[in-house]
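Q: Test case, fold it:
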Amino acid sequence: MPDDALLGSLLAAVDASPDDVPLRLHVADLLAARDRLPEALAHCTQALSRAPGDPRAVALLQRLTAAIARPVEPGFDWGRAEQELGPLEAGFAQEYRPDAVTEDVERPSLTLADVGGMEQVKQRLEMTLLGPMRNPELARAFGTSTAGGLLLYGPPGCGKTFVARAVAGELGASFYEVGISDVLDMYTGSSERNLTQVFEAARRNAPCVLFFDEVDALGQKRSHLTHSSSMRNTVNTLLAELDAGRNEGVFVLGATNHPWDVDSALRRPGRFDRMLLVLPPDAPARAAILRHHLRDRPVSGIDLDRLTRSTEHFSGADLAHLCTTAVERALADSVRLGSVRPVGMADLDAALAEVRPSTGPWFATARNVVAFANTDGSYDDLAAYLKQNRKL
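A: Residues are numbered from 1 along each chain as shown. Got it, this is the predicted structure:
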């Protein structure tokens, strides 16, 4: 099979099995070998979101970011290359803009009422963010400011992006989601330019919730970067844009699975100065998620209460995977029988024996952070949760 055909088949396999981390990393390796670095970085990021701390994924991320940040080698004769290439057609020159950012701004219709459970998260959002933004006069009277950003953190797959989108709906604002692949670029200076364009797009669409997913990758600790790394310039640009006096009506939210890897300068007042812990869904949220994923499928005899009790510490992504596994089992039986056999509790019990909560490794890391790196009390909410759930 030709290489391109093989890669196409593997990409299709990833689309069919998005949670297959080894497959996704293999595809990322192949894309990197073909100098398709942004695509490779996107797959590597998805792998890390599903398997935080995976050594192979971490090593690949470091290799890709280093390759993207690597400056063009000196000595290349651009004038001669231009002469050999000849004049570019106007259409091509207009379409190819390596520093252009896709302005994918949406207007969400959902609100926090659409978020099942998670009452503590909703209350904290109301107190720290939504209340002052809805009542700026009262906020000023009490000497508080609506400036600055909010950093959502917690285990992967627990709905941080969904919550951020609901915040935009609550405010009646536009929602602009930005991932690291939207910013990082292999050309020197392009990452910083992309980041500036992101903020400019958010200002044009104000009121706007500007949401940075995996902000630890964009704003990683500069002490971990070499002085020659262009990633330092990206972090500096992010700091400058957050400090800019032109962000009126732009509400900046960030999400990370590893807040301890975020540069401390990003946590200063006026930047991501507030943190909100987003934990695995509680019982009402799990029931709502399970009901959603089983809603349009043939089911029979489902004991939702028992299923909810059996899935404590499951992330939202784990619950979706659980339902998919049970459905696949019922579908296989239906194919053999030649007729529809509804999904039952036996299918879900079998899936429960196979699918385990993915949040365990994250909490193992978090426990060490709470024990040794919580001197300023930033992770007191996390410490309280771990104290109540000692088995994690």
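
Q: how's this protein carved up into domains?
A: 3-68, 105-277, 283-354 (automatic domain parsing).

Q: now those domains in TSV, with mean pLDDT, mean neighbour count and distance to residue 360?
A: From N, CA and C alone the C-beta is placed, and that goes for glycine too. Output for the domains of the chain, formatted as TSV (pLDDT from 0 to 100; neighbours: other CB atoms under 10 Å; distance: least, CB to CB, whole Å):
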stretch	mean pLDDT	mean neighbour count	distance to residue 360
domain 3-68	79	17	11
domain 105-277	87	19	9
domain 283-354	94	17	8
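
Q: Among those domains, which comes closest to residue 368?
A: Residue 368 lies closest, by CB to CB, to one member of the domains of the chain: domain 105-277, at 9.4 Å.

Q: What is the end-to-end distance of the closest one?
A: Distance across domain 105-277, first residue to last, is 26 Å (CA to CA, to the nearest Å).

Q: distance between it and the chain's centre?
A: 12 Å (CA atoms, centre = their mean, to the nearest Å).

Q: Quick check: residue 341 touching residue 332?
A: No: contact criterion CB atoms under 8 Å: residue 341 and residue 332 do not qualify, at 9.4 Å.

Q: Can you add distance to residue 383 and give the domains of the chain back as JSON lines?
A: Formatted as JSON lines, the domains of the chain follow (distance: least, CB to CB, whole Å):
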{"stretch": "domain 3-68", "distance to residue 383": "20"}
{"stretch": "domain 105-277", "distance to residue 383": "10"}
{"stretch": "domain 283-354", "distance to residue 383": "17"}
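
Q: closest one to residue 381 among those domains?
A: domain 105-277 (4.5 Å).

Q: Which stretches in the stretch 151-300 of the chain count as helices?
A: For the stretch 151-300 of the chain, the helices defined by DSSP state H, counting those that start in this stretch cover 160-171, 180-183, 190-204, 215-218, 230-243, 283-294.

Q: Need those in a markdown table (columns: distance to residue 129).
A: Listed next are these as a markdown table, based on distance: least, CB to CB, whole Å:
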| stretch | distance to residue 129 |
| --- | --- |
| helix 160-171 | 7 |
| helix 180-183 | 24 |
| helix 190-204 | 16 |
| helix 215-218 | 16 |
| helix 230-243 | 16 |
| helix 283-294 | 20 |
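
Q: before we move on, the earlier item: among the domains of the chain, which is nearest residue 386?
A: domain 105-277 (10.8 Å).

Q: quick check: mean pLDDT across the helix or strand where residue 366 lies?
A: Here residue 366 sits within helix 360-372, counting by DSSP states H and E. When pLDDT is averaged along helix 360-372, the result is 94.

Q: Leaving out sequence neighbours, find the closest residue to residue 311.
A: In this structure, residue 311 finds its nearest non-sequential neighbour in residue 286, 5.5 Å apart by CB to CB, 6 or more residues apart in numbering.

Q: Was I right to think that neighbour contacts residue 319?
A: Yes: with contacts counted by CB under 8 Å, residue 286 reaches residue 319, the gap being 6.3 Å.

Q: Find residues that contact each of the two.
A: residue 311 (CB atoms under 8 Å, 6 or more residues apart in numbering).

Q: Out of the helices of the stretch 151-300 of the chain, the one nearest residue 264 is which?
A: The nearest among those, by CB to CB, is helix 230-243 at 11.0 Å.

Q: What is that closest one packed up against?
A: helix 55-69, helix 190-204, helix 215-218 (3 or more CB pairs under 8 Å, 6 or more residues apart in numbering; DSSP states H and E).
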